[in-house]
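Q: Give me the fold of what follows.
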Amino acid sequence: MKIAILGGGISGTAVARMLARDGHDAVVLERSERAGGLCQSSRFGEFTFDNAGGHILFSKNKEVLDWQLDRCGGEAGTVRTERNTKIRWHDRWVPYPFENGVGHLTKAAIVECLAGYVEAFADRRAGAECPPNFHDWVDWRMGAGFAKHFMIPYNEKIWECDLHRLSSGWVAGRVPEAPIEDILKSAIGFDTDGYTHQSVFWFPRHGGFETLVKGTIAGGGFDLQTGVSIDSVERRDSQFAVNGELFDLVINTVPLPRIESAIADIPAEIRADIRALKPISLVNLMIGVRLDEPLPDLSWVYLPFPEQGPVNRVTYYSNYSPENAPPGHGSFLAEVTHRGDLAPDGAWARSVVERLGNAGILVPEHVVLLEWCDNEFAYIDQDLEFQDRIDRVRGWFDTSGYITFGRFGRYEYHNSDQCIARAMEVREHVRTIAASGEPARPTFS
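A: A predicted model of the protein is given here:
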């Protein structure tokens with residue numbers, strides 16, 4: 001089949017490579033001048049940075065992990081890292097996840113966290129139902145102490161809203177529950193591992209995370225067209241016209257609010273649902289520093305408190321690969337979320353660096369490079385109406401003959417490895433269509 005793939009991020013390029021290997025004529029149409037989407041990287045002098053935060057190569061799915069590593073040059077082309085993640089809790093370094101690091105808090109905070117957790121544990125055992133909003137879910141799952149000392153301030157930073165208006169549905173499957181025994185052990189000084197599924201990860205040795213996309217494109221066998229504005233998409237009998245050119249199938253990975261106006265077939269009520277889907281944006285501050293000594297052996301650090309500035313997470317980026325910074329230097333990525341109300345400039349960036357200095361992350365006087373990238377589509381605003389709204393949108397697409405997937409193509413809170421896993425599912429779906437010659441509703445796990 002001749003297949004149009006809208007969007008050249010990791011979702012679009014991955015599925016194009018897979019479909020081209022199956023013998024299809026896959027054409028990727030990308031609005032920007034180069035592919036990559038949220039996986040793009042930039043180079044400033046001898047520094048390399050990722051434009052949208054600290055990505056890693058990781059997957060619980062071995063097939064997906066191997067696929068990622070192969071695109072990045074395998075063992076020789078990647079750096080293997082044992083994750084070391086901390087929370088900057090006031091003036092202390094607390095191991096992540098927070099509940100497994102509770103023994104590193106002050107005694108008063110330990111008592112508050114334990115008392116709240118035991119009470120919440122008992123309430124759940126007694127049948128307390130999961131609340132529909134995220135704020136109350138934190139109390140239900142973690143207790144008032146953990147809520148006060150980490151979960152509420154940290155999540156208010158990320159989501160930039162009253163947490164009562166967020167659905168609790170987004171945490172299902174993303175936040176594993178720590179056994180109460182682990183929390184009690186931590187409180188009296190025993191180390192517990194906690195969230196172990198990313199205990200080891202990989203990163204491209206050269207070129208930043210965009211190396212994954214470049215490796216997907218290289219030898220991929222598909223036609224990548226960049227700088228293409230997608231102005232019109234519509235059904236024409238058994239085919240689809242994209243900017244007037246006919247295709248047998250259209251696969252969308254573009255953020256739905258960006259592509260909605262171009263797709264002629266979408267009913268008015270579904271358009272209204274799409275227009276109500278809101279992203280949370282991310283300014284990624286790229287910081288290069290002169291080093292008097294090596295950076296601490298950290299992967300990333302969470303900053304939950306307002307007095308630490310607007311940054312919620314700092315990636316120790318030059319620890320991912322020594323090629324990310326020149327000799328004698330290090331680099332950080334500092335993430336600040338917003339809802340379209342932030343216009344970063346030099347003064348703002350320098351003030352953020354000053355707050356990071358006060359938090360003990362870096363020495364402001366050692367900063368030699370300061371750049372930033374503002375990403376409009378970064379996180380998904382999963383408010384209380386989100387699930388019903390997105391169910392209607394996905395339902396229409398899945399019965400329309402179009403296929404849509406990707407973090408914002410389907411509005412699923414997926415990391416890059418999950419996007420690749422979705423591409424593999426789409427490939428199987430296209431095989432079904434090609435074998436039968438008939439349209440079919442896609443099935444996603």
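Q: use CA for all of it now, contacts and neighbours both
A: Fine.
Q: Residue 230 - nearest residue in space that isn't next to it in sequence?
A: For residue 230, ignoring the flanking residues on the chain, the nearest one in space by CA to CA, 6 or more residues apart in numbering is residue 243 at 6.4 Å.
Q: Give the burial count for that neighbour, as a bare number.
A: A count of nearby residues for residue 243, using other CA atoms under 10 Å, gives 14.
Q: Same question for residue 321.
A: 21.
Q: Let's see the pLDDT reported for the closest residue in space to it that isn't next to it in sequence.
A: Excluding the flanking residues, the one nearest residue 321 by CA to CA, 6+ apart is residue 205, at 5.4 Å. Looking at residue 205, its pLDDT is 98.
Q: Can you tell me how far residue 205 is from residue 214?
A: 13 Å (CA to CA, to the nearest Å).
Q: ditto for residue 343
A: 30 Å.
Q: I'd guessed the residue nearest to residue 321 sits against residue 81; true?
A: No. Residue 205 lies out of contact with residue 81 (CA atoms under 8 Å); the separation is 11.5 Å.
Q: Which of these two has more residues huddled nearby?
A: For residue 205 versus residue 81, neighbours defined as other CA under 10 Å are more numerous around residue 205 (21 against 16).
Q: the longest helix in the chain is where?
A: Longest helix of the chain, by residue count under DSSP state H: helix 416-436.
Q: List the contacts of residue 385.
A: residue 167 (CA atoms under 8 Å, 6 or more residues apart in numbering).
Q: Quick one, grab the pLDDT at it.
A: Reading off the model, residue 385 has pLDDT 97.
Q: what comes into contact with the lowest-mean-pLDDT helix or strand in the chain?
A: Ranked by mean pLDDT, DSSP states H and E, the weakest helix or strand in the chain is helix 180-187, scoring a mean of 89. Residues outside helix 180-187 that contact it (CA under 8 Å, 6+ apart): 99, 100, 101, 102, 103, 104, 110, 114, 118, 191, 192, 194.
Q: Out of those, flag the one nearest to residue 354.
A: residue 104 (26.0 Å; CA to CA).
Q: and the closest residue to that closest one other than its chain neighbours, how many neighbours does it have?
A: The shortest distance from residue 104 to any non-neighbouring residue, by CA to CA, 6+ apart, is to residue 94 (5.8 Å). Each residue near residue 94 was counted by other CA under 10 Å, and the total is 22.
Q: Check the offset of the helix or strand harbouring residue 94 from the chain's centre.
A: Using DSSP states H and E, residue 94 falls within strand 92-95. Strand 92-95 sits 24 Å away from the centroid of its parent chain (CA atoms, centre = their mean, to the nearest Å).
Q: any idea of the mean pLDDT in it?
A: Across strand 92-95, pLDDT averages out at 96.
Q: Note down every partner strand of it and its orientation.
A: The strands that strand 92-95 pairs with in its sheet are strand 85-89 (antiparallel) (by DSSP bridges).
Q: Residue 31 and residue 227, how far apart?
A: 5 Å.
Q: the more surrounded of those two?
A: residue 31 (17 against 12).
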